[in-house]
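Engineer: sequence first, then the predicted structure:
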Amino acid sequence: MPLESLALSRGTVDRLTDKRTDPAWLDAAWADPDTRVLVVSYGRAVVRLGEDEAALVFVPPAGAPAGTRFLLGQDADGVVYFGVSAALPDPLPPGARVLSLREVGTLLSDRDAGLLTHAVALANWHDTHTHCPVDGTATVVDPGGHSTRCPADGTEHFPRTDPAVIMLVTDPDDRCLLARNAAWPGRRVSILAGFVDPGESAEQAVIREVAEETQIKVTNVRYVGSQPWPLPRSLMLGFRADAPAGQAIVVDAEEIAEAYWFSRDELLAAIEARHIALPPPVSIARHIIEQWYGGPLPDPQ
Ligand SMILES: [Zn+2]
């Protein structure tokens with residue numbers, strides 16, 4: 001069963017990739033007062049927060065601050081969206097707040113979740129890739145905002161996404177392996193994760209990372225779904241894997257403080273006793289754990 005309803009994988013806007021290289025179309029779209037601009041700054045945007053939902057606050061092009069501009073796409077009603085990486089308005093519009101993608105990702109509509117995820121990913125890239133990696137010359141952003149060019153050597157540069165694997169490992173009793181990262185606060189535990197190494201497949205990364213972190217050897221690696229995680233530039237590739245019987249957990253103490261097998265009953269009891277806390281619903285980890293568990297798990301305060 002594939003994962004569904006991943007908070008940051010819900011975008012509905014047509015990205016219009018062919019328009020990114022069409023300056024006349026881009027100029028006309030920017031001149032249209034119905035066009036909407038999402039201003040993002042260091043992963044955050046202006047939102048209106050309701051009881052159980054939130055909506056992005058857009059500005060018309062004429063009201064957008066100067067900054068790095070990029071095309072986000074067009075919705076089913078024909079409205080075109082741009083992002084601008086720039087300082088957020090100060091003061092804020094009445095009733096509005098500034099929140100991060102991590103904070104607001106699950107509360108936004110499908111359209112807005114996709115727009116903010118896209119905008120944060122591109123803004124993070126622009127903020128950290130301002131010069132040519134070949135000769136160090138300051139690059140020029142292309143009209144659509146999805147690539148840059150070096151004026152000295154003509155090389156073209158594209159946004160970076162770093163693939164990472166995240167995997168739920170089960171033993172022959174269908175218990176799941178949860179670990180506490182040494183860098184995490186308090187009671188937080190999660191499934192194992194790590195970056196894909198250069199020249200490595202995602203499946204190889206799953207096997208290597210589980211072995212490095214716990215010395216457990218896994219088999220039957222299978223893909224379950226993915227979620228962009230532009231914090232700052234990852235794509236999380238979700239997997240399940242099996243741990244054959246007779247293996248002892250030996251944690252890599254540098255990265256993992258502790259790791260244990262949990263049956264479904266043990267997991268629920270540990271959460272309710274506040275011995276452990278799961279990752280938040282915005283994460284793919286939470287969805288993979290709940291898919292194994294067979295339903296939602298509580299977050300007792
Ligand atoms: Zn260059």
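Structural biologist: The structure has been received and is ready for your questions.

Engineer: near the ion, which residues of the stretch 1-150 of the chain? Just list them.
Structural biologist: Cys132, Val134, Asp135, Thr137, Cys150 (Cβ under 5 Å from the ion). In this view, the C-beta of every residue, glycine as well, is placed from N, C-alpha and C.

Engineer: check contacts around the first one.
Structural biologist: It refers to Cys132. Ala138, Thr139, Cys150, Ala152, Asp153, Thr155, His157 (Cβ atoms under 8 Å, 6 or more residues apart in numbering).

Engineer: wait, the second one touches His157, no?
Structural biologist: Yes: in this structure Thr139 lies within contact range of His157 using Cβ atoms under 8 Å: 6.3 Å.

Engineer: so what sits against both of those two?
Structural biologist: Contact criterion Cβ under 8 Å, 6+ apart; residues shared by Thr139 and His157: His129, Cys132, Thr148, Arg149, Cys150.

Engineer: show me what counts as buried in the longest strand anywhere in the chain.
Structural biologist: Taking DSSP state E as the criterion, the chain has its longest strand at strand 219-229. Buried positions in strand 219-229, judged by neighbour count with 16 or more other Cβ atoms under 10 Å: Val221, Val224, Gly225, Ser226, Gln227, Pro228, Trp229.

Engineer: is the fourth one bridged to anything, and to what?
Structural biologist: Right, Ser226. Leu237 (DSSP bridges).

Engineer: follow-up on the earlier one: top of the shared contacts of Thr139 and His157 by neighbour count?
Structural biologist: Among the shared contacts of Thr139 and His157, the one with the most neighbours (other Cβ atoms under 10 Å) is Thr148, at 22 neighbours.

Engineer: how about the contacts made by that residue?
Structural biologist: So Thr148 contacts His126, His129, Thr139, Val140, Val141, Asp142, Glu156, His157 (Cβ under 8 Å, 6+ apart).

Engineer: of these, which belong to helices?
Structural biologist: His126 (DSSP state H).

Engineer: just the buried ones from the contacts of Thr148, in ChimeraX syntax?
Structural biologist: Remark: buried members of those, expressed as a ChimeraX selection using 16+ other Cβ under 10 Å:
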select :126,129,139,141,142,157
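
Engineer: any idea which of the contacts of Thr148 is closest to the ion?
Structural biologist: Thr139 (7.5 Å; Cβ to the ion).

Engineer: find the nearest non-adjacent residue to the closest one, please.
Structural biologist: Using Cβ to Cβ, 6 or more residues apart in numbering and skipping the chain neighbours, the partner closest in space to Thr139 is Thr148 (3.9 Å).

Engineer: how close does that neighbour get to the ion?
Structural biologist: According to Cβ to the ion, to the nearest Å, Thr148 stands 10 Å off from the ion.

Engineer: that residue pairs with what?
Structural biologist: Counting by DSSP bridges, Thr148 is bridged to Val141, His157.

Engineer: the residues of the stretch 1-150 of the chain next to the ion: which two are farthest apart?
Structural biologist: Val134 and Thr137 (8.4 Å; Cβ to Cβ).

Engineer: now for those two: what residues contact both?
Structural biologist: With Cβ under 8 Å, 6+ apart as the test, Val134 and Thr137 both reach Cys150, Asp153.
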